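Asks: Turn this into a structure:
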Amino acid sequence: IDRVLTPGIRCTVQMDMKSYGTPGKKHLKGKVVSPSAPREHDGTYWGYSVRMASSIKSIFDEAPYESGYDLKIGTSERGDLSVDDELFKEKINNKIEQISSSSSFQHALIVLGGVAGIEECVDADETINISGNDSRSLFDLWLNICEYQGSRTIRTEEAVLIGLSRLCPFLFPFHHFGERSNHQSLTTSMSGGEPIAPVEFSDDEYSEEET
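Replies: Alright, predicted model coming up:
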């Protein structure tokens, strides 16, 4: 690589493609780049970084961005709005338009609570002069990301996956589904051909595995 680094640290290296396929070459060359480079250049997921926050208030006050978070989403089973609500997309778009004239946002924050929810975290934070019942006032959107969850609690690591999978199609619609993100029919068509009919399944018919 192009520089000397402290042993044992994690680094991201952009490989020199000319090093591949060179006869007799035993070592590959590359240069050290920012860990965010794969995501910024081609949208590749490249892991995550961790920031420790001493309280829920410090999540906002110690944001690593100069302008802070311009879209703050709190999640709770007592949320004012569900991702499954028919008007959800309209409401989140309106909220984003209020934040930015470009109908976009720079830095979104999604907050997940522990077993007892964000409300308990707010009650335990003595630097915030509101009660847990008023936790929604800290956020632009107060959402229930898993309506009819079917269990008393959801583990935080489960809530992360559920929350991101439910919200990403709305936060980044053109990256995921394009114009189809508005819940239009998923019937597709071949290039220059007739539309493909939706696949229908029936319990009355045997599957190929059973025949």
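Asks: so where's the chain shaky on pLDDT?
Replies: 21-22, 24-25, 99-104, 173-211 (pLDDT under 70).
Asks: Contacts only, for the residue nearest the centre of the chain.
Replies: For the chain, the residue nearest the mean C-alpha position is Leu164 (3.9 Å; C-alpha atoms, centre = their mean). Remark: with contacts taken as C-beta atoms under 8 Å, 6 or more residues apart in numbering, Leu164 is in contact with Ile110. Placement of C-beta: from N, CA and C, glycine included.
Asks: could you measure it against Pro23, distance?
Replies: 45 Å (C-beta to C-beta, to the nearest Å).
Asks: Check Glu119 too.
Replies: Glu119 is 65 Å from Pro23, by C-beta to C-beta.
Asks: Likewise for Pro64?
Replies: 46 Å.
Asks: Which strand or helix spans the residue nearest to the centre of the chain?
Replies: helix 156-171 (DSSP states H and E).
Asks: Neighbour count: Glu119 and Pro23, which is higher?
Replies: Glu119 (18 against 4; other C-beta atoms under 10 Å).
Asks: what helix or strand is that one on?
Replies: Judged by DSSP H and E, Glu119 forms part of helix 118-124.
Asks: Name the next helix or strand following that helix along the chain.
Replies: Heading C-terminal from helix 118-124 (DSSP H and E), you reach strand 141-144.
Asks: Return the set of buried residues in that following strand.
Replies: By neighbour count, with 16 or more other C-beta atoms under 10 Å as the criterion, the buried positions of strand 141-144 are Leu141, Trp142, Leu143, Asn144.
Asks: Same list (these) but as JSON lines, adding distance to Val32.
Replies: Formatted as JSON lines, these follow (distance: C-beta to C-beta, whole Å):
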{"residue": "Leu141", "distance to Val32": "38"}
{"residue": "Trp142", "distance to Val32": "42"}
{"residue": "Leu143", "distance to Val32": "39"}
{"residue": "Asn144", "distance to Val32": "43"}
